[in-house]
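**Q** here is a sequence together with a model predicted from it:
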Amino acid sequence: MTVGATGLPDFEPGTVWLVGAGPGDPGLLTRLAVHALANADAVVYDALISDAILDFAGPQATRTYAGKRGGKPWPKQPAITERIIALARQGNRVLRLKGGDPFVFGRGGEEALALTRAEIAFRIVPGVTAGIGGHGYAGIPATHRDCNSAVLFLTGHDATGETPQAIDWEAAARIPVIVMYMALKHLEDIATRLIAAVRAGDEPVALVENATLPNQRVVTTTLASAAADAAAHNVSPPAIVTVGPVVDLRSVLQGVMLEQRPTADFGAVSQRRVGT
Ligand code: SAH
């Protein structure tokens, strides 16, 4: 590994950087992510990557959208990995840019495995995951000594698109704070399962839509009313759902916490929403 004048590793031709862009606010990009954007020859980016983030790419970089359209996965994952591998084999510096952290519900592991099989050298650049950073912007700590000593990250649907079957819901319900990604579609079902296990219906819940973006919206509700309130307020993806007592801290912190939203115009991001 060579290290450039910036102290950051050189982006070598023919390699892939698998980079997390954070939940949306460009201010949350890491130095490595900005460095990768500036030096990449090819940027292959997912849904939820805003133009404000892509604007950090150099003029030399080709940009390929590899996200979902209309809630349907497009293009298929194997086609994306084949494209990334082909670009690297052509000698490009390939930046695979993903929302949040690439290894948190981002299929980054699958892509890293494909690169390993193809023997293409790659680097992982973690990003701020929506379930922590997005909630931080809403004034909700992931942990708080008085409330919880454990957090569960949960996806609201598995590979089949249904409520995850492999989860032991009785055990999951015992984790004090549950942070859910992609959970809007099956929120009613998930809430019912958690209440049927051990959770109280009046347990606080936060829905954070478009976290860290100018159109961030926070709806606070209870577990029993979460699905109905999500529908009533028309909460749409991307949204994070958190269950647990830490949600109540928001109302305390809110009064003095500074405005957390970026001021840039992110209009384009709503065009590229992921499905539930
Ligand atoms: N790798 C990403 C998660 C990708 S899965 C990460 O680490 O954050 C996509 C889901 O992430 C969305 O359905 C939503 O639940 C969540 N998400 C991503 N960005 C978000 C944002 N800005 N606001 C709210 N939720 C977001």
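**A** That came in fine, so what should we check first? Numbering: from 1, shown residues only.
**Q** so what's Phe153 closest to, chain neighbours aside?
**A** Leaving out its chain neighbours, the residue that sits closest to Phe153 by CB to CB, 6 or more residues apart in numbering is Val179, at 5.3 Å. Backbone N, C-alpha and C define where each C-beta goes, glycine included.
**Q** mind checking how far the one you found is from Pro214?
**A** According to CB to CB, to the nearest Å, Val179 stands 23 Å off from Pro214.
**Q** same question, Glu162
**A** 33 Å.
**Q** before we move on, what about Val256?
**A** 21 Å.
**Q** ditto for Gly58
**A** Distance check for Gly58 against Pro214: by CB to CB, it reads 25 Å.
**Q** before we move on, what about Val241?
**A** Distance from Val241 to Pro214, by CB to CB: 21 Å.
**Q** ok, these two, which is more surrounded?
**A** It is Val241, of Val241 and Pro214, that has more neighbours when counted by other CB atoms under 10 Å, with 29 against 17.
**Q** quick check: that one touching Leu223?
**A** No - with contact defined as CB atoms under 8 Å, Val241 does not reach Leu223; the gap is 10.0 Å.
**Q** quick check: neighbours shared by those two?
**A** Common neighbours of Val241 and Leu223, using CB atoms under 8 Å, 6 or more residues apart in numbering, are Val205.
**Q** how about the residues of the stretch 101-250 of the chain by the ligand?
**A** Within the stretch 101-250 of the chain, the positions lying close to the ligand (CB under 6 Å from any ligand atom) are 101, 104-106, 129-130, 134, 181-182, 208, 210-213, 237-240.
**Q** which ones among the residues you listed lie within strands?
**A** Of the positions in these, Tyr181, Val208, Ala239, Ile240 sit in strands, assigned by DSSP state E.
**Q** tally of neighbours for the first one?
**A** The criterion is other CB under 10 Å. On that basis, Tyr181 has 23 neighbouring residues.
**Q** how about the last one?
**A** Other residues near Ile240 come to 27 when the count uses other CB under 10 Å.
**Q** tell me who's in contact with it.
**A** Contacts for Ile240 (CB under 8 Å, 6+ apart) come out as Ala130, Gly131, Gly134, His135, Val179, Met180, Tyr181, Leu207, Val208, Ala211.
**Q** again, only this time at 7 Å
**A** By CB atoms under 7 Å, 6 or more residues apart in numbering, the contact set of Ile240 is Ala130, Gly131, Gly134, His135, Val179, Met180, Tyr181, Val208, Ala211.
**Q** ranges for the strands of the stretch 1-150 of the chain?
**A** Under the criterion DSSP state E, counting those that start in this stretch, the stretch 1-150 of the chain contains strands at 16-20, 42-45, 62-65, 94-98, 122-125.
**Q** nearest to His157, of these?
**A** strand 94-98 (18.4 Å; CB to CB).
**Q** could you list the paired strands of the closest one along with their orientation?
**A** strand 16-20 (parallel), strand 42-45 (parallel) (DSSP bridges).
**Q** tally of neighbours for the closest residue to Pro204 other than its chain neighbours?
**A** Setting aside the residues directly before and after it, Pro204 is nearest to Val247 in space (CB to CB, 6+ apart), at 3.9 Å. Neighbours of Val247 under the rule other CB under 10 Å: 25.
**Q** do the one 3 residues further on as well
**A** One way to gauge burial is a neighbour count; for Arg250, by other CB under 10 Å, it gives 20.
**Q** again, but for Ala121
**A** For Ala121, the neighbour count with other CB under 10 Å is 12.
**Q** in this structure it contacts Trp17, no?
**A** No - between Ala121 and Trp17 there is no contact under CB atoms under 7 Å: 10.0 Å.
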